[in-house]
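>>> need coordinates for the following:
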Amino acid sequence: EDVINHDLIVDVIGLIDEHYEEGAVLVFLPGLSDITTLLGTLLGNRRFGDPSAFRILPLHSSLSPQEQSEVFERMPPGVRKVVLATNIAETSITIDDAVFVIDSGRAKQMIFNEQKQMRRLVDVWISQAEARQRAGRAGRVRPGKVFKLYTRQRAMGTMSPSRLPEMLRGPLQEICLQLRLAPLLAEMPLRAAFDKALATPPEAAVT
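Residues are numbered from 1 along each chain as shown. Take a look at the predicted model:
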């Protein structure tokens, strides 16, 4: 369950296409690597690689605005759009004709390594709040369906209620610099500024 099962996703897309006549499919994946792998798998498939029946599109932050805009295009009759996206499609971008969501339950998150004193991007389980956000991407214009590739036990037992705020996940140097550049907070003591945050970092991290 910790590894993305690309074959399962292909099967779910096929299931959707067999049982539902129309509607774009939005697939949430952790990052560019999984998107690239699944994109290659689908395009190399005799069924899904047929441009007269499917349009497979990637969606991630590395794409230019022009490339990202392709996911908003309406498909001609008989062509199903499948968008392979990172969590950029959770809130930043809305695909109005997405009727089906396939949620891997995973995302990339920047984590601070205390031992090495450096940040690294890791593959983690999303929060329950993020799972609801993803589910809400389905059926913006008509009733939709969500296919979650994780168990109820995983959702209730492992996924946190919400994502840990950035200031609780690592060093505060960058945030401190941002506070000093903010006109209303520049003269305020850092501890007082952090106390105004919804999630307050521990005293040891500030001093």
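
>>> hey, let's count contacts and neighbours off CA atoms from now on
Will do.

>>> helices along the chain, start to end?
With helices called from DSSP state H, the chain shows them at 6-19, 32-43, 65-68, 88-91, 128-135, 152-157, 173-181, 190-195, 203-206.

>>> worst average pLDDT in the ones you listed?
Among the helices of the chain, helix 203-206 has the lowest mean pLDDT, at a mean of 51.

>>> so which of the helices of the chain is nearest L121?
Among the helices of the chain, helix 32-43 comes nearest to L121, with 12.0 Å by CA to CA.

>>> what's in contact with the closest one?
Applying CA atoms under 8 Å, 6 or more residues apart in numbering, the contact partners of helix 32-43 are 4, 6, 10, 29, 48-50, 56-58, 60, 84-86.

>>> switch to 6 Å and redo it
For helix 32-43, the external contacting residues (CA atoms under 6 Å, 6 or more residues apart in numbering) are F48, G49, L84.

>>> how many neighbours does the first one have?
This points to F48. Neighbour count for F48, taken as other CA atoms under 10 Å: 20.

>>> what's the answer for the last one, then?
If you count neighbours by other CA under 10 Å, L84 ends up with 25.

>>> could you list everything it pairs with in the sheet?
V27, P58 (DSSP bridges).

>>> so who does I126 touch?
G105, R106.

>>> this structure - how does it break down into domains?
6-157, 166-206 (automatic domain parsing).

>>> determine which stretch of those is the most buried.
domain 6-157 (a mean of 17; mean count of other CA atoms under 10 Å).

>>> let me see the contact set for the closest residue in space to K148 that isn't next to it in sequence.
Nearest non-adjacent residue to K148, counting by CA to CA, 6 or more residues apart in numbering: D103, 4.9 Å away. Applying CA under 6 Å, 6+ apart, we find D103 in contact with F28, K148, L149.
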